[in-house]
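Trainee: requesting a structural model of the entry that follows:
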Amino acid sequence: MRLIRLLVLAIPLVACGCAGPPVLKRQVLGYDEITSTLDQQLLLLNIARVSQGNPVHFTATSSIAATFDWTTSIAAGATFEESPGTNLFGVDIGASASENPTFQIIPITGKDFSEQILEPFDEIAFQFHVFPSNNNLDRVLRLMVAGFEFQKTDGSHAGYFANDPQRPREYEMFRRIVLHLDWLNENRKLFIRPLVFDKVVVDGLKVPPRGQDIIKEEGITWTRKSDGSYLVTRFTAGRLAILNFDPMAMTDDERFRLNEKLKKNPKGHVYVDIRPDGPGGKFPIRGTLNLRSVFQILSFVGNGIESAPEFDVAPDPRTGENIRDNPPVTLQIHVASTEPESDIAWVRYRGKYYSVADTRWDRDTFAVLGHLFETAIGEIEDVGIPITISK
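Mentor: Coordinates of the predicted model:
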């Protein structure tokens with residue numbers, strides 16, 4: 001009898017312990033998968049909207065809070081026979097789990113819409129997506145860049161070539177620039193780095209700087225000059241540059257002066273200098289890549305479905321051979337009347353199914369687009385009254 005009591009008490013504990021962790025695991029992974037799928041469908045939905053001439057709209061899921069309850073029950077009964085024999089016991093054991101999720105979604109409007117959706121990316125975001133492996137350089141350039149502005153040696157304007165199929169001549173030149181940069185990158189002849197240098201803070205200081213002053217300012221160093229005075233400098237990372245030579249081969253002063261010139265460019269411009277005396281120099285390129293916003297990227301992809309389709313462009317004859325990838329379309333979106341059969345991302349909009357083309361290039365490019373979207377949106381805080389949904 002004592003053994004039976006122990007078994008009766010232990011069974012619900014075991015049942016509860018077995019039910020809890022697997023349920024929690026399934027739900028956490030399930031919420032993560034749903035959130036990822038929603039982000040993909042949101043991107044495709046706005047691409048579909050643009051393709052039909054409708055305005056975009058974004059909603060962010062700021063939080064998902066779920067309460068999990070595990071309950072167990074047990075009932076025991078017994079019957080006693082009058083004749084000799086074994087007493088009969090009946091045990092009824094039950095275990096159940098429930099959840100009460102609360103979703104908080106926030107429409108992105110007003111100032112946040114302007115800053116996160118309409119404002120062009122800066123060079124920090126560009127560098128984040130191409131550095132250090134640079135494997136996605138061609139995809140990032142074709143998605144993120146609105147066009148290339150050629151500049152003279154003094155930095156003045158020399159011509160602009162838009163990444164826009166509706167301007168065929170400009171579009172062809174832009175694509176050739178991208179192919180040339182990607183070819184240099186594949187052959188490890190391209191340097192994508194911020195210009196670093198020691199910026200002079202104080203020159204001619206009569207006494208050495210105090211230790212507490214140096215500690216307060218990160219990157220501060222000082223040296224004693226031949227005349228006995230002290231030079232105080234700060235290590236500085238400046239503007240981003242794409243070059244066919246190692247910027248560290250330049251002197252510190254040359255990097256500083258180049259950075260001072262680049263500071264005149266808007267923050268959404270990335271400097272390119274493919275010099276004639278370096279690798280790939282038969283096709284010299286000097287100017288800036290003008291970065292797009294999230295809205296401009298989605299418009300580019302959406303318009304490419306029908307109103308402004310991209311077309312095939314061959315590399316410039318001055319570019320080397322063995323181009324890795326050069327598909328005609330940056331991100332191919334298929335439109336059909338039936339649901340796609342593969343596991344690719346898709347969404348239904350106004351009776352049509354919009355899906356990413358089932359190729360490695362398009363899958364990877366769509367992943368880059370998703371990363372760009374996450375970079376732009378960031379963390380959503382204090383953007384008005386959220387919409388809370390409780391199950």
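Trainee: what's around the residue lying closest to Leu258 once chain neighbours are set aside, how many residues?
Mentor: If the residues on either side of it in the chain are set aside, Leu258 comes closest to Leu195, at 6.1 Å by CB to CB, 6 or more residues apart in numbering. The way it works is simple: take the backbone N, C-alpha and C, and place the C-beta from them, glycine included. The number of residues packed around Leu195, counting by other CB atoms under 10 Å, is 23.
Trainee: can I see the domain layout of the chain?
Mentor: Structurally, the chain divides into domains by automatic domain parsing as follows: 2-107, 112-192+265-330.
Trainee: lowest average confidence across the ones you listed, which one?
Mentor: Mean pLDDT is lowest for domain 2-107 among those, at a mean of 64.
Trainee: doesn't Glu172 lie inside a strand?
Mentor: No. According to DSSP: H, G, I helix; E, B strand; the rest coil, Glu172 belongs to no strand; its state is helix.
Trainee: excluding its backbone neighbours, what's nearest it?
Mentor: Once flanking residues are discounted, Glu172 sits nearest to Val313: 5.2 Å by CB to CB, 6+ apart.
Trainee: before we move on, what about Arg224?
Mentor: Once its chain neighbours are removed from consideration, Arg224 has its nearest residue in Tyr230; the separation is 5.6 Å (CB to CB, 6+ apart).
Trainee: please report phi then psi for the one you found.
Mentor: The phi/psi pair for Tyr230 (degrees, to the nearest 10) reads phi -120, psi 140.
Trainee: neighbours around it, how many?
Mentor: With neighbours defined by other CB under 10 Å, the count for Tyr230 comes to 16.
Trainee: ok, Gly351 next?
Mentor: Gly351 has 6 neighbours, counted by other CB under 10 Å.
Trainee: separation between it and Gly370?
Mentor: According to CB to CB, to the nearest Å, Gly351 and Gly370 sit 25 Å apart.
Trainee: in stretch 181-200, which residues are buried?
Mentor: Using 16 or more other CB atoms under 10 Å as the burial criterion, the residues of stretch 181-200 that qualify are 181-186, 189-198.
Trainee: what about these, which are in helices?
Mentor: With DSSP state H as the criterion, helices contain Leu181, Asp182, Trp183, Leu184, Asn185, Glu186 from among those.
Trainee: let me know the closest of those to Trp346.
Mentor: Trp346 lies nearest to Asp182 out of these, by CB to CB, at 29.0 Å.
Trainee: correct me if wrong: that closest one contacts Leu137.
Mentor: Yes. Proximity of Asp182 to Leu137 meets the contact threshold set by CB atoms under 8 Å, at 5.5 Å.
Trainee: now stretch 258-266: buried residues?
Mentor: Applying a neighbour-count criterion of 16+ other CB under 10 Å, one finds Leu258, Asn259, Leu262, Asn265 buried in stretch 258-266.
Trainee: now go through these and say which are in helices.
Mentor: Among those, the subset assigned to helices under DSSP H consists of Leu258, Asn259, Leu262.
Trainee: now pLDDT too, for the residues you listed, in a markdown table please.
Mentor: Supplementary listing: these in a markdown table, determined by pLDDT from 0 to 100:
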| residue | pLDDT |
| --- | --- |
| Leu258 | 94 |
| Asn259 | 94 |
| Leu262 | 92 |
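Trainee: closest to Val202 among those residues?
Mentor: Distances from those to Val202 were compared by CB to CB; the smallest belongs to Asn259, at 19.6 Å.
Trainee: would you mind measuring from that closest one to Gly268?
Mentor: Where Gly268 is concerned, Asn259 sits at a distance of 17 Å (CB to CB).
Trainee: and His371, helix, strand or coil?
Mentor: Three states are possible here, and by three-state DSSP the one that applies to His371 is helix.
Trainee: what about it, neighbour count?
Mentor: Using other CB under 10 Å as the criterion, the residues surrounding His371 number 15.
Trainee: my read: it touches Asn136, true?
Mentor: No. Taking contacts as CB under 8 Å, His371 lies outside contact range of Asn136: 9.1 Å.
Trainee: okay, and the common contacts of these two?
Mentor: Among the neighbours of His371, those also in contact with Asn136 (CB atoms under 8 Å, 6 or more residues apart in numbering) are His129.
Trainee: spell out, range by range, the strands that occur in the stretch 251-391 of the chain.
Mentor: With DSSP state E, counting those that start in this stretch as the definition, the stretch 251-391 of the chain shows strands at residue ranges 269-274, 285-291, 333-336, 346-349, 352-356, 387-390.
Trainee: quick one: strands adjacent to the fifth one?
Mentor: Looking back up the chat, that one is strand 352-356. Paired strands of strand 352-356, with direction, are strand 333-336 (antiparallel), strand 346-349 (antiparallel) (DSSP bridges).
Trainee: what comes up buried for the first one?
Mentor: It stands for strand 333-336. In strand 333-336, counting by 16+ other CB under 10 Å, buried: Ile333, His334.
Trainee: tell me which residues of stretch 276-291 are tucked away?
Mentor: Residues of stretch 276-291 classed as buried: Gly278, Pro279, Gly280, Phe283, Ile285, Arg286, Gly287, Thr288, Leu289, Asn290, Leu291 (neighbour count, 16+ other CB under 10 Å).
Trainee: first-to-last residue distance for that stretch?
Mentor: The separation between the terminal residues of stretch 276-291, taken as CA to CA, to the nearest Å, is 25 Å.
Trainee: now the helices: where do they sit in the stretch 201-350 of the chain?
Mentor: In order along the chain, the stretch 201-350 of the chain carries the following helices (DSSP state H, counting those that start in this stretch): 211-216, 252-262, 294-303.
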